[in-house]
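1. fold the following.
(one chain, ligands or ions: 1)
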Amino acid sequence: MKQFVMESAGVNKQGRLTLGGVDTVYLAEKYSTPLYVMDEDVVIKNCLAYKNSIDKFYGGRGKVLFASKALSAVFMYKIVKECGLGVDVVSGGELYTALKAGTNPADICFHGNSKSEQELFEAISQNVGRIIVDNKEELLRIEKIAGSLNKKVKILFRIKPGVDAHTHQFIMTGQIDSKFGVAMENGEALDIMRLAATLQNVEVVGADCHIGSQIFEVLPFKVTAEKMIDFMAQVRDEVGITLSELNLGGGFGIKYTEKDDPVPYEEYIKLVHDTIRDTCAKHNLELPFIYMEPGRSIVASAGLTLYTVSAVKEIKDVRNYVLIDGGMCDNPRYALYKSEYSLCVANKAAENTDYVATVAGKCCESGDLIQEDVPLTKPCAGDTVAVFATGAYNYSMASNYNRNPRPAMVAIRGGKDRLVIKRETYEDIIRNDVF
Ligand code: LLP
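-> Purely as a prediction, here's the structure:
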């Protein structure tokens, strides 16, 4: 029995790759390629695993927010609502999508290091649950907008706890040299708390952090939790505000290749819970309400992308290129971060993977690669290639480079497929061009 990095992938009697029991070659034929496919049953399972763990350790004093930057689309906001999770949004566009999908504004946390006045106005007038404030200018902007709307806004501050999470430097946001938030170690974070305490239209309810993404070690999360509680005690002692909420961000790693070995979420959550409990006791601080914001770990392993091979270029003694009908326009992660992926030829899924090839996209960029020198079954033109674990940060980071329309997305639930995002058309692409 063949094993893939995605738990719900398998091989059927025809030797074709299946996801959630559905034949992926049939999906490629039915919906055309490139095609994103999401196994909703896996998304739901992940949402509930987080929710059950947070309920177990924090009771009614904790909440899971789906970091929707990983996959922002109407169907996703509906699923997470169905599972009892809230959402984190990071732009007016994500906020708009979440609200259109029926998300309760109170279940939304609005993040972002450079929110515009317009975005803040939208968030405040829509009564989002919490705004995570990044900097002093933003704080003063919120005070003004909230005042003009006669509202008092509940805020948390994005704090840099100064933790090195040993991940790719492009996606590491916890250290002091980061564009996100205010730093603890130089006193900036305390100063902004002092300023906030003097304002009329904001209520500082908590502190927020996020130390990076695709993290496998548990220690950075433990150290961060400890530092954040120490900081909350310092705010109580030196500023005189009791912060009752702590947002711990996201960042849990997932399995992209056989080398990856993620820790079960419950283990992270228990360790962090115990740390928070002990550190609060040390400071005689009441346990804060806890938010967690997983993004990747909810959706990445639920999704794959299907492509059609247009040609195979064997450059003798150099390299084999497999050319596909998508690329960095629908998955820019290898081009950006050299992110690793596992792949499979979906219509030859039971066969040996004794061919080594570089899978290259169709964009006019030499760097438009999906993966270099990966083991595959030898493909030929017309075959379907599947790239595993593309459920996070693929559709949400896709572009129209070279005026390629964004692919469609299909969701599978209970063995049935349905279209959840239509393929863009050429008409969609020129919609905003002024003639
Ligand atoms: N909360 C905050 C404040 C964040 O900035 C992020 C991710 C998350 C939660 C969710 O983190 P996750 O659980 O997904 O690791 N485009 C990159 C990832 C960027 C992550 C940005 N922030 C990638 O494709 O790997």
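2. list the contacts for N186?
-> Contacts here follow C-beta atoms under 8 Å, 6 or more residues apart in numbering; on that basis N186 touches I176. C-beta coordinates here come from the backbone N, C-alpha and C atoms, glycine included.
3. swap that for C83, please
-> I44, C47, L48, K51.
4. longest strand anywhere in this structure?
-> In the chain, taking DSSP state E as the definition, the longest strand is strand 303-315.
5. can you get me a residue count around the residue lying closest to S116 once chain neighbours are set aside?
-> Ranked by C-beta to C-beta, 6 or more residues apart in numbering and with sequence neighbours excluded, the top spatial neighbour of S116 is G92, at 7.4 Å. By other C-beta atoms under 10 Å, the residues close to G92 number 18.
6. report pLDDT for G92.
-> With respect to pLDDT, G92 scores 98.
7. is it true that it touches F121?
-> No - with contact defined as C-beta atoms under 8 Å, G92 does not reach F121; the gap is 9.3 Å.
8. about what we covered before: how much space is there between the residue nearest to S116 and the ligand?
-> 17 Å (C-beta to the nearest ligand atom, to the nearest Å).
9. show me the contacts for that residue.
-> Contacts of G92 by C-beta under 8 Å, 6+ apart are S116, Q118, E119, E122, A123.
10. highest neighbour count among the contacts of C83?
-> Result: C47 is most packed of these (other C-beta under 10 Å), 22 neighbours.
11. only alpha carbons, please: show the longest strand of the chain as PDB.
-> Extracted C-alpha coordinates of strand 303-315, given in PDB (Å, rounded to 0.1, in the frame of the first residue of the first chain):
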ATOM      1  CA  GLY A 303      -5.100  20.200  -0.200                       C
ATOM      2  CA  LEU A 304      -3.300  19.200  -3.400                       C
ATOM      3  CA  THR A 305      -2.900  20.800  -6.800                       C
ATOM      4  CA  LEU A 306      -3.400  19.000 -10.100                       C
ATOM      5  CA  TYR A 307      -1.500  20.000 -13.300                       C
ATOM      6  CA  THR A 308      -1.300  18.600 -16.800                       C
ATOM      7  CA  VAL A 309       2.100  17.800 -18.200                       C
ATOM      8  CA  SER A 310       2.700  19.700 -21.400                       C
ATOM      9  CA  ALA A 311       6.100  18.300 -22.200                       C
ATOM     10  CA  VAL A 312       9.100  16.500 -20.800                       C
ATOM     11  CA  LYS A 313      12.500  18.000 -21.700                       C
ATOM     12  CA  GLU A 314      15.400  15.700 -21.100                       C
ATOM     13  CA  ILE A 315      18.700  17.600 -21.300                       C
END
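12. wait, does stretch 131-141 contact the ligand?
-> No - on the criterion C-beta under 6 Å from any ligand atom, stretch 131-141 is out of touch with the ligand, staying 7.2 Å away.
13. the stretch 1-150 of the chain: helices as residue ranges?
-> With DSSP state H, counting those that start in this stretch as the criterion, the stretch 1-150 of the chain has helices at 24-31, 40-58, 74-82, 92-100, 117-125, 136-148.
14. who wins for proximity to K227 among these?
-> Closest approach to K227 among those (C-beta to C-beta): helix 40-58, 19.3 Å.
15. go ahead and name everything in contact with that closest one.
-> Contacts for helix 40-58 (C-beta under 8 Å, 6+ apart): 6-8, 20, 62-64, 66, 76, 79-80, 82-85, 265-266, 269-270, 273, 287, 289-290, 292, 294, 297-299, 301-302, 391, 411-414.
16. how about the residues of the stretch 301-435 of the chain by the ligand?
-> Near the ligand, when you scan the stretch 301-435 of the chain using C-beta under 6 Å from any ligand atom, you find R333, Y393.
17. mind telling me which residue of the stretch 301-435 of the chain is nearest the ligand?
-> As assessed by C-beta to the nearest ligand atom, the ligand sits closest to Y393 within the stretch 301-435 of the chain, at 3.2 Å.
18. so who does that residue touch?
-> Taking C-beta under 8 Å, 6+ apart as the criterion, Y393 is in contact with K69, A70, L71, G295, R296, A300, R333.
19. can I see the domain layout of this structure?
-> 9-39+300-429, 111-294 (automatic domain parsing).
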